[in-house]
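**Student:** Take a look and give me a structure for this.
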Amino acid sequence: MIEVALPGIDLYESPYYEIVNTIELCLVPFGLLTYSSYMSVMLISLSFGIFLMKDIQFKLEYMQEMDEMEALTCIKTCLRRHSLIIRFHKKLEALFSLGNFVDVSLFCITPSIILFYSTMEYDLANLVRDAQYISLLSISTFTTFWLANNFCIEGINISRAAYNCNWMTYGKEFRMYVIVLIAISQRPLQLTAGGLKPLNMEFFMVIVRVTYSFFTILKGTVD
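**Tutor:** Reported below is the predicted structural model:
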């Protein structure tokens, strides 16, 4: 339960205590369920996008075994699917950009505050609880950054697969489509935190260092 304080009202007296507890019992599970659903949708969407891009790479790698007509049809299909992936990325960015900014902000603050209070309260039960909170928050944030980073990498890998598809042996029309696919797939498909920073492993390490720095500042105010 979350401790709540209001000026001029003692929330530990009846009926305020029962009212606050009832509100928290209703809102906290609803908030956790909503956040879990939000995270699941985002992670599944990123995994689905990675699967689509790997499928395009697979088609490009095995294009060398096709004749020119089959290869031309395949490269058109790959180009069309990549256009759908670009639109899919734009929708993901619009849906999750603000939520990613909130998640990054909370990850920079929450673990450091939990660690700070854990060092002040040497209680085994509280330490275990705090360790669970930090572990869950760290795992969910790391998974989001890792999938978003792979989403961007797999998008760039499409251009490499297109370049290695033995395009020199095919006609002019096929080479033109390959050039277009290489050009549009070299643009990174990055998800961002509020449009400010891309979600990648480099940025994840930055916010981990910021979290530790904030913890040391809090610790220094007591020491």
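**Student:** What is the burial count for T141?
**Tutor:** Burial measure for T141: 21 neighbouring residues, criterion other C-beta atoms under 10 Å. Glycine gets a C-beta too; all of them are placed from N, C-alpha and C.
**Student:** List the residues that contact it.
**Tutor:** By C-beta atoms under 8 Å, 6 or more residues apart in numbering, the residues touching T141 are 103-104, 107, 204.
**Student:** does C108 really touch V210, like I thought?
**Tutor:** Yes. Shown here, C108 and V210 form a contact pair, counting by C-beta atoms under 8 Å, at 5.2 Å.
**Student:** which residues in this protein form helices?
**Tutor:** For the chain, the helices defined by DSSP state H occupy 16-61, 68-120, 124-163, 172-185, 201-222.
**Student:** Which of those helices sits closest to L191?
**Tutor:** Nearest to L191 among the helices of the chain is helix 124-163 (4.5 Å), distances taken as C-beta to C-beta.
**Student:** Return the set of buried residues in the closest one.
**Tutor:** Buried residues in helix 124-163, counted by 16 or more other C-beta atoms under 10 Å: 130, 134, 137, 140-141, 144-152, 154-155, 157-159, 161-162.
**Student:** Flag the shaky bits of the chain, pLDDT-wise.
**Tutor:** Of all residues in the chain, those with pLDDT under 70 make up the ranges 1-13, 16-17, 28, 121-123, 125, 222-223.
**Student:** re the thing from before, which among the contacts of T141 gets closest to I217?
**Tutor:** Of these, the one sitting nearest to I217 (C-beta to C-beta) turns out to be F107, at 16.5 Å.
**Student:** Name the residue closest to the centre of this structure, please.
**Tutor:** When C-alpha atoms, centre = their mean is applied to the chain, the residue found nearest the centroid is T144 (2.9 Å).
**Student:** what's the neighbour count on the nearest residue to T77 once chain neighbours are set aside?
**Tutor:** Leaving aside its chain neighbours, T77 sits nearest to K59 (7.3 Å; criterion: C-beta to C-beta, 6 or more residues apart in numbering). The burial count assigned to K59 is 17, neighbours taken as other C-beta under 10 Å.
**Student:** K59 and L84, how far apart?
**Tutor:** The spacing between K59 and L84, counted by C-beta to C-beta, to the nearest Å, is 14 Å.
**Student:** Enumerate every residue touching C78.
**Tutor:** Contacts of C78 were listed using C-beta under 8 Å, 6+ apart, and they are 56, 59-60, 158, 162, 181.
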